[in-house]
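Undergrad: need coordinates for the following:
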Amino acid sequence: MMNESSSPERRIFSAKERFGGELVILGHHYQKDDVIRFADTVGDSLQLARAAAANKSAKYIVFCGVHFMAETAAILARPGQTVLLPESDALCPLAEKADRLLVEDAWSQLEGCMSPERDVMPITYINSEADLKAFCGTHGGSVCTSSNARKILEWARDRRPRTLFFPDQHLGRNCGVRMGIPLERMPLWDPREPLGGNSREELLGAQIILWKGWCYVHQRFLPTHIIDARRRYPGIRVWVHLECTQEVVRLADDAGSTTDILRMVDAAPPGTKWAIGTEENLVNRLARAHPEQEIHLLSPSPNNCITMNKTTVESLARVTDGLLRGELVNPIHVPEVVAGPASVALQRMLEASG
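TA: Reported below is the predicted structural model:
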């Protein structure tokens, strides 16, 4: 029997002991430490998508992250599996920069310049709602994460001459630059403007059409932060996430996904100095895990994802308490009309990224 008066930590551990392999908790790197310690798998979006798809024994998948991540897990889950989200209003501001109506309107406008079904490949960043993944699945496209965005963009380029990339302009632009695409061949699509604010000629000359969206956490990192870090810490290496602006990426020593950052720090020798431009929970965790190195958050002020940090030990315990009572708290359900084509786009990503 569950003791409602016991601490939330004890109740979570009790549920994990009770359900064993039938309960799996997934935790994104940006979660707070007191939540992450309960996770069976910790990773970025791609790692957790793979973990959800590969899990065969779990009956309940509790996703400590934001809504689009839990949706993705629900789409990839097997029959009989239930995905639960501790905080139902943990939404991603980046994912909200594009919605199905706006993307369908853009697609319709592109029909006045070209044949989108033949000339444009839709690619959505995994930081998007399920109906945008379904849009890509329906129109031959795919999903990507920051770990495989360049590979997926190359996959798209091999199939159609142009890519419509949404919702994160910076990730698309930074990958496009690494692919050798000139900035002038990557026009920005503003959904508030006719033709996204572009001329017909600009769209016909495009290789990647970038949606006007961004992650507020990574857009806060500025070139001045890099200049100041190098002045304050001689010999420091600057690593930033690919969701940062192109100006920041250009000034940094390198840029990559969350997993890329983790691998670089793990492989670095003692005494290495880092200024890292990504969500502060991850940076602080890296600093504690590697006391032999000197690790700083790139910006001088705190920089965390507010919605990712809505998940608490208490909200996680509410979900596990529900399971102990035989109740489902905040189950994530994606209608089959959306889940079917969204699953197609996600499977294309998983196959293309190896």
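
Undergrad: which outside residues touch the lowest-mean-pLDDT helix or strand in the chain?
TA: Using mean pLDDT, DSSP states H and E, the weakest-scoring helix or strand in the chain turns out to be helix 45-54, at a mean of 80. Helix 45-54 is contacted by residues 24, 26, 28, 41, 43, 61, 63, 65, 69, 72-73, 76-77, 83, 126-127, 145-148, 257, 259, 346, 350, 353 when judged by CB atoms under 8 Å, 6 or more residues apart in numbering. No exception for glycine: its C-beta is placed from N, CA and C like everyone else's.

Undergrad: end to end, how far does stretch 185-199 reach?
TA: End-to-end span of stretch 185-199 (CA to CA, to the nearest Å): 13 Å.

Undergrad: can you check stretch 22-37 too?
TA: Terminal residues of stretch 22-37 are spaced 18 Å apart (CA to CA).

Undergrad: what comes up buried for it?
TA: Residues of stretch 22-37 classed as buried by neighbour count (16 or more other CB atoms under 10 Å): 23-32, 35-36.

Undergrad: buried residues in the least confident helix or strand of the chain?
TA: The neighbour-count check on helix 45-54 (16+ other CB under 10 Å) flags 45-49, 51-53 as buried.

Undergrad: quick one, phi psi at residue 273?
TA: Main-chain dihedrals, residue 273, degrees, to the nearest 10: phi -110, psi 130.

Undergrad: thought residue 26 was touching residue 58?
TA: No. Between residue 26 and residue 58 there is no contact under CB atoms under 8 Å: 9.7 Å.

Undergrad: what about residue 245, distance to residue 210?
TA: To residue 210, residue 245 is 12 Å away according to CB to CB, to the nearest Å.

Undergrad: more crowded one of these two?
TA: residue 210 (23 against 20; other CB atoms under 10 Å).

Undergrad: mind listing what residue 304 touches?
TA: Residue 304 makes contact with 30, 217, 279-281, according to CB under 8 Å, 6+ apart.

Undergrad: can I get those in JSON lines including pLDDT, secondary structure and distance to residue 122?
TA: JSON lines is the format used below for those (pLDDT from 0 to 100; DSSP: H, G, I helix; E, B strand; the rest coil; distance: CB to CB, whole Å):
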{"residue": "30", "pLDDT": "95", "secondary structure": "coil", "distance to residue 122": "27"}
{"residue": "217", "pLDDT": "97", "secondary structure": "helix", "distance to residue 122": "25"}
{"residue": "279", "pLDDT": "96", "secondary structure": "coil", "distance to residue 122": "27"}
{"residue": "280", "pLDDT": "96", "secondary structure": "helix", "distance to residue 122": "33"}
{"residue": "281", "pLDDT": "94", "secondary structure": "helix", "distance to residue 122": "32"}
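
Undergrad: so which pair among the residues you listed is furthest apart in space?
TA: The most widely separated members of the contacts of residue 304, counting by CB to CB, are 217 and 281 (10.5 Å).

Undergrad: which parts of stretch 133-145 are buried?
TA: 133-137, 139-145.

Undergrad: quick one: which of these is nearest to residue 294?
TA: Nearest to residue 294, judged by CB to CB, of the buried residues of stretch 133-145 is residue 145 at 29.0 Å.

Undergrad: do you know how far the nearest residue to that closest one once chain neighbours are set aside is from residue 76?
TA: Excluding its sequence neighbours, the residue lying closest to residue 145 (CB to CB, 6 or more residues apart in numbering) is residue 46, at 4.0 Å. Note on residue 46: its distance to residue 76, by CB to CB, is 12 Å.

Undergrad: and the strand or helix carrying residue 69, what does it pack onto?
TA: Element membership for residue 69 (DSSP states H and E) is helix 67-76. Counting contacts by 3 or more CB pairs under 8 Å, 6 or more residues apart in numbering; DSSP states H and E, helix 67-76 packs against helix 45-54, strand 60-64, strand 82-84, helix 130-138, helix 336-352.

Undergrad: using a markdown table, lay out the buried residues of stretch 22-37 together with secondary structure and distance to residue 327.
TA: Formatted as a markdown table, the buried residues of stretch 22-37 follow (DSSP: H, G, I helix; E, B strand; the rest coil; distance: CB to CB, whole Å):
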| residue | secondary structure | distance to residue 327 |
| --- | --- | --- |
| 23 | strand | 14 |
| 24 | strand | 18 |
| 25 | strand | 17 |
| 26 | strand | 20 |
| 27 | strand | 22 |
| 28 | strand | 25 |
| 29 | coil | 29 |
| 30 | coil | 28 |
| 31 | coil | 24 |
| 32 | coil | 25 |
| 35 | helix | 21 |
| 36 | helix | 25 |
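
Undergrad: thanks a lot, catch you later.
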